[in-house]
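[1] Below is the structure, and that's it, no one-letter string:
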DNA sequence: ACTCCTTGGGTTTTT
DNA sequence: CCCAAGGAGT
């Protein structure tokens, strides 16, 4: 019986399946276990998995839970709907979104797409981009959406408008409005739209609401403390009929308020459901007493929280260590040594984690671990899918699936180069504005005598392009993702272009592109048993593995989701955010300095400091046995050395559980800290060097040309005629011979070394003596030639 | 129209 | 330091 694995409180939380339930689960208290057992228990009680929905925040969490449930109940889990908020609701919107005006092929814009769109809008409104910064605008819009304010709602809110005026972005409401219209026109949603539109769907289509209310007899929500209003309301509506809603969370681990998450949702659960049962899981099975006590003493400083006491039966364990190092490099180096020691005692690399506040901190650790031959893996950072060449490929696929996807269109219309440049693009945008249709439709339908002054040549190119895309679009439903995708990537010239380039990094890119293609292949060929569409219950066979399905799947993947082989020998590096839900025997929490952790951004409000503190709490509670905290007195930041103060959070730990490791007295010695990139330069003089180096740079050209001139004679420009000679004329002559003397407005007198024709353009290599050799394209270069 | 270079600005965390 | 955007060159 599965219940034997649970403690009393957990068991109660699992078996009391009816009615609203809140499980407050402290760190390490077996939260995931309880949740998965609850699901398994429901099925054992005869509930069909088809009637259960479990929502998580990350794909990884969903995947893990799915696996654990399969372990518990086997294939009976078929049909269970488990996934992230975004992925599940996006699926629902593909099925029922037509009711609110979205085709099933809608695109999901990622952050990049959204930002580009915003920049475009800000430009089109002639707003000053110093105030209207894309990141700020986007987060403002995002917050509005998560609070369910439509552009119309927003415009009516005098408080929001006033705030915008105060922040010198008075027209934000207008940007928001246009942003939404443009998304609509492109048949696209951003991440927040998925949730927003799900709300719209449930609001405007009672029959759809009823369908899902009746289907989801049991709803479970993981990490409930991280839900925003929009998510909260969806859940509330879906649970309205059966009211079998079970939320699991820990207010102390709420760390996503910057994304609109509101801790109030968990704090107010009992108000929404007065008859709700609350279970508190307070026994920690993960960490030593010292770690738990240290964590408790920190989180106690927060005011807003649900009272609970986390305790453990585990042994006392080692003290929490705190150590200050002289610099970030020292910090990395010292930790690497420490890790080496751990590995030497037989500890597995995978049981060691380095946790930091910001991604940029990873570099010094990478360098130092590599230097010491310690295998490591970095979680997060730039994802495979955000590499340029992959984004290009995806843009093609996206445009094929959804012709109205303007961001995709703009990205690839001239890549590979087709002669559609800024000028034509600007005109296309004006046409889009005037006609109110997507770029693709504009490009496909414009006549030769269009009022936008787009010339015949451009029109032909655009039509050719659209015809190509069209021919692929017609096959989306017929062909599988691999067959079609591979052909698109090859026929579009994407792969060929990359293959002709000869830089080292181009080779990597080509490899990435090929990897992407083989990703398409495995998507199609991978026919594991669990590939059934949990929402419709349909079995997805190979004929269903179309490009649109592939895109749906990858559009909600993040860097942490790119599945790699678990290699237990690798030390794990990640942000604290990424570490939530994970645990390790040994944890190093690094960079404990004011302005870094807590971050400068958090000083504005008490709430933000509390969130940083919760983040610190999350960091500490990842550790099972050994916990090291470190700070650096000097940190290389923004290309500059800054001096730091230790984080307040260290002092907040009850000293009973903490030991300050002695710091070696070395600070009086002259120290040479080396910059990561340019190892030969001491950091302290770097700024100075950088300046002088820049100044010298132009001079470098001075020494170059003569050696490359070879043995040609008669090349000394100095003796050549000057402007006044009157023997010069423009370079429109047919034959340009070698050894011809020419004059350039900028570079002065030069000698033609040779000419060639590249891509239809005649070019000449000219030696300008002290100005160096230049390759000039004759149709552009303002050259005068001696007859 | 494309490429290279400079410049300026910014950096929290992520579905 | 690192990126993105603008400018100048081809």
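    Received, thanks. Here the structure is a predicted model, which means the values were calculated and not measured. Numbering: from 1, shown residues only, chains lettered A, B, ... in the order given.

[2] so what's residue A:110 scoring on pLDDT?
    The model reports residue A:110 with a pLDDT of 88.

[3] gap between it and residue A:353?
    For residue A:110, the distance to residue A:353 (C-beta to C-beta, to the nearest Å) stands at 28 Å. Using the backbone N, CA and C atoms, a C-beta is placed for each residue, glycine as well.

[4] Repeat that for residue A:386.
    For residue A:386, the distance to residue A:353 - C-beta to C-beta - is 24 Å.

[5] Which one's more surrounded, the two?
    residue A:353 (24 against 15; other C-beta atoms under 10 Å).

[6] How much space separates that one from residue A:623?
    Residue A:353 is 8 Å from residue A:623, by C-beta to C-beta.

[7] who touches both of the two?
    Counting by C-beta atoms under 8 Å, 6 or more residues apart in numbering, the contacts common to residue A:353 and residue A:623 are A:584, A:586, A:587.

[8] who are the neighbours in contact with the spatially closest residue to residue A:28 that is not a sequence neighbour?
    Using C-beta to C-beta, 6 or more residues apart in numbering and skipping the chain neighbours, the partner closest in space to residue A:28 is residue A:286 (3.0 Å). Residues in contact with residue A:286 (C-beta under 8 Å, 6+ apart) are A:27, A:28, A:312, A:314, A:583, A:621, A:624.

[9] so which residue of the stretch 601-750 of chain A comes closest to DNA strand C?
    Scanning the stretch 601-750 of chain A for proximity to DNA strand C using C-beta to the nearest atom of the strand identifies residue A:639 as nearest, at 2.2 Å.

[10] Tell me the residue of the stretch 51-200 of chain A that sits nearest DNA strand C?
    Closest point on the stretch 51-200 of chain A to DNA strand C, by C-beta to the nearest atom of the strand, is residue A:119, at 5.2 Å.

[11] Spatially nearest residue to that residue (excluding sequence neighbours)?
    Distance criterion C-beta to C-beta, 6+ apart; nearest residue to residue A:119, sequence neighbours excluded, is residue A:134 at 5.3 Å.

[12] wait, doesn't the one you found sit right on residue A:115?
    Yes - with contact defined as C-beta atoms under 8 Å, residue A:134 counts as touching residue A:115 (4.6 Å).

[13] Now pLDDT and distance to residue A:739 too, for the shared contacts of residue A:353 and residue A:623, in JSON lines please.
    Formatted as JSON lines, those follow (pLDDT from 0 to 100; distance: C-beta to C-beta, whole Å):
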{"residue": "A:584", "pLDDT": "95", "distance to residue A:739": "71"}
{"residue": "A:586", "pLDDT": "97", "distance to residue A:739": "71"}
{"residue": "A:587", "pLDDT": "97", "distance to residue A:739": "71"}
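
[14] Neighbour-wise, which one of those residues leads?
    Neighbour max across these (other C-beta under 10 Å) = residue A:587, 29 neighbours.

[15] who are the neighbours in contact with it?
    Counting by C-beta under 8 Å, 6+ apart, residue A:587 touches A:352, A:353, A:355, A:619, A:620, A:622, A:623, A:626, A:627, A:628.

[16] One more: residue A:629?
    Counted by C-beta under 8 Å, 6+ apart, residue A:629 has contacts A:320, A:321, A:322, A:323, A:588, A:589, A:590, A:592, A:650.

[17] By residue count, what's the longest strand in chain A?
    For chain A, the strand with the greatest residue count under DSSP state E is strand A:623-637.

[18] so where's the stretch 551-700 of chain A shaky on pLDDT?
    A:559-566, A:602, A:604-606, A:663-700 (pLDDT under 70).

[19] Which parts of the stretch 151-300 of chain A are helices?
    A:151-156, A:158-166, A:172-185, A:191-204, A:206-215, A:229-238, A:264-267, A:269-272, A:289-299 (DSSP state H, counting those that start in this stretch).
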